[in-house]
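Trainee: the sequence isn't on hand, but the structure is:
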């Protein structure tokens, strides 16, 4: 289940210029997005001017340094003690889909962001008993999720660190309740307790995202190799199935030709059968010789003494002729075809068996063809996945390029920091010389004050010079009088 959280984080920043440049996009980071629904909206700066904001931060730092020096007798340590308290309000990624589907409008979201700032100010006043100056707040739509950056001064009227005293009060978690109370209107809940979550800076979050993308790239690349191999296998299978399909078409044509030949042969046999001369359909009955002799001698002819052997031979010959006649008649009438027709019939029977076997093979191949269509669909899906993986790989490579640019920016910032430190050291030395001159000036001022009191004149340099001239003139007059005397 997706989280529906709103969270707020505070921290101090020693790089006021870099923070303002980031908030107002004077220097664009390389992790900006343009592929999400909310990226089409412009960032909202609420009429704050970045140059005026920088001026306010500089002025506030001078005030903080003066108050700190009065209390501790030394200046703030730049880089360690900051007068910029920054914060960010972040939302769970589910807000992206809400905005896309229209469940939450841009106007409702900005209303919640806008109402959070005065409530955060009230909570700061309640904890510190002091009001911190608000420098700016902006909404960013050009990253993974919409979020709001804000910045306050970090010193109280007594010259103490605001953020340090808020942490000391152990009431930071109350700010989570403040923003949760505002954002519950659009369906978001309070963020996780501090013991259950670890907050990261924006840079750390983007670095983590890049690390996750690199891992995902490796996974996608390995998956791509597997799919590539599967695609090659599917291509080979498709070629085999195409070959089977061609064989099936050839067999169908062969079967069609064989059926045509079979029909022609059957028609020829029908014609032959119709054209054959028909003899007496009913066969002549063959009587046993013994029965004929007994009938002839006893009933029909009344011959009692007859050469039975001669009669038997005659009737045996007669019966044999009748049998031959019956065989010939059956042969002509189609009960026993001539040898050539029998051979044709046997050949047709064999062809019929072959046709039946091929028909069975075709039925099996039809099942294979259905499987082929299924594999064809799977192959198309794999091609689409392969294209998607290729696109993701290109996007990941672009993120890697952005990461390299980010590292180059970090190196540039480090070089600028080293230069800034060198300049800071030079300014510190000049400041020490100026402090020595101020001390010398105070000593001279004290000496001139004592001298003016002694000469009974004003403590201006001109009056003191005139008084000294008068004293010297009086002294010279006295000296000249003594010399005359």
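Mentor: In hand now; what should we look at? Computed from a predicted structure; not experimentally measured.
Trainee: assign the residue nearest to the spatial centre of the chain to helix, strand or coil.
Mentor: Against the mean C-alpha coordinate of the chain, by CA atoms, centre = their mean, the closest residue is residue 392 at 7.1 Å. Taking DSSP: H, G, I helix; E, B strand; the rest coil as the rule, one finds residue 392 in the helix state.
Trainee: contacting residues for it?
Mentor: With contact set as CB atoms under 8 Å, 6 or more residues apart in numbering, residue 392 has these partners: 216, 220. Just so you know, the C-beta spots here come from the backbone N, C-alpha and C atoms, and that holds for glycine as well.
Trainee: quick one: it from residue 216, how far?
Mentor: Going from residue 392 to residue 216 by CB to CB, to the nearest Å gives 8 Å.
Trainee: likewise for residue 161?
Mentor: Counting by CB to CB, the separation of residue 161 from residue 216 is 41 Å.
Trainee: what of residue 391?
Mentor: Distance from residue 391 to residue 216, by CB to CB: 13 Å.
Trainee: give me the more crowded residue out of the two.
Mentor: residue 216 (14 against 10; other CB atoms under 10 Å).
Trainee: so the more buried one, which state does it fall into?
Mentor: From three-state DSSP, the assignment for residue 216 is helix.
Trainee: these two touch, right, it and residue 393?
Mentor: No: Residue 216 is beyond contact range of residue 393, at 9.9 Å (criterion: CB atoms under 8 Å).
Trainee: so how far is residue 385 from the residue nearest to the centre of the chain?
Mentor: From residue 392 to residue 385 the distance is 10 Å (CB to CB).
Trainee: kindly report the same for residue 260.
Mentor: 48 Å.
Trainee: for the two, indicate the residue with more neighbours.
Mentor: Legend: neighbour count by other CB under 10 Å for residue 260 and residue 385, higher for residue 385 (15 against 10).
Trainee: any idea which helix or strand carries that one?
Mentor: Using DSSP states H and E, residue 385 sits within helix 339-455.
Trainee: ok now that helix, how far from the chain's centre?
Mentor: Centroid separation for helix 339-455 versus its chain: 10 Å, with CA atoms, centre = their mean, to the nearest Å.
Trainee: make residue 1 into 41 and carry on from there
Mentor: With 41 as the first residue, the last one maps to helix 379-495.
Trainee: sketch out the strands for the chain, chain order is fine.
Mentor: Per DSSP state E, the chain carries strands over the ranges 45-52, 124-131, 174-180, 187-193, 229-230.
Trainee: which of these sits closest to residue 58?
Mentor: strand 124-131 (10.2 Å; CB to CB).
Trainee: now that closest one and strand 45-52, what's the angle there?
Mentor: Per axes from the mean of the first three to the mean of the last three CA atoms, to 10 degrees, the angle that strand 124-131 makes with strand 45-52 is 170 degrees.
Trainee: show me the domain layout of the protein.
Mentor: Using automatic domain parsing, the domain ranges for the chain come out as 45-239, 463-524.
Trainee: pick the most deeply packed of those domains.
Mentor: domain 45-239 (a mean of 16; mean count of other CB atoms under 10 Å).
Trainee: what is the burial count for residue 416?
Mentor: Residue 416: 14 neighbours (other CB under 10 Å).
Trainee: sorry, wrong one. I was asking about residue 306.
Mentor: 11.
Trainee: quickly note the distance from it to residue 101.
Mentor: Taking CB to CB, one finds residue 306 at 111 Å from residue 101.
Trainee: and if you look at residue 144?
Mentor: 39 Å.
Trainee: repeat that for residue 76.
Mentor: Residue 76 is 37 Å from residue 101, by CB to CB.
Trainee: residue 86 too?
Mentor: Look at residue 86 and residue 101: by CB to CB, they are 23 Å apart.
Trainee: next one: residue 79
Mentor: On the measure of CB to CB, residue 79 and residue 101 end up 35 Å apart.
Trainee: ditto for residue 310
Mentor: For residue 310 relative to residue 101 (CB to CB), the value is 117 Å.
Trainee: what does residue 433 give?
Mentor: Separation of residue 433 from residue 101 (CB to CB): 47 Å.
Trainee: thought residue 422 was touching residue 267?
Mentor: Yes: counting by CB under 8 Å, residue 422 does reach residue 267; the two are 5.9 Å apart.
Trainee: hang on, the earlier thing: would TSV of the strands of the chain with mean pLDDT and distance to residue 91 be doable?
Mentor: Listed next are those as TSV, based on pLDDT from 0 to 100; distance: least, CB to CB, whole Å:
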stretch	mean pLDDT	distance to residue 91
strand 45-52	91	22
strand 124-131	93	16
strand 174-180	95	11
strand 187-193	95	15
strand 229-230	90	37
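Trainee: residue 71: which of these is closest?
Mentor: strand 174-180 (11.4 Å).
Trainee: quick one: contacts of that closest one?
Mentor: With CB under 8 Å, 6+ apart, strand 174-180 has contacts from 60, 63-64, 83-86, 88, 90, 93, 96-97, 100, 124, 150, 153, 157, 161, 186-193.
Trainee: what about 7 Å?
Mentor: 63-64, 83-86, 88, 93, 96-97, 150, 153, 157, 161, 186-193 (CB atoms under 7 Å, 6 or more residues apart in numbering).
Trainee: show me where the stretch 191-340 of the chain has helices.
Mentor: Using DSSP state H, counting those that start in this stretch, the helices of the stretch 191-340 of the chain run over residues 202-208, 213-223, 242-315, 329-335.
Trainee: cool, thanks, talk later.
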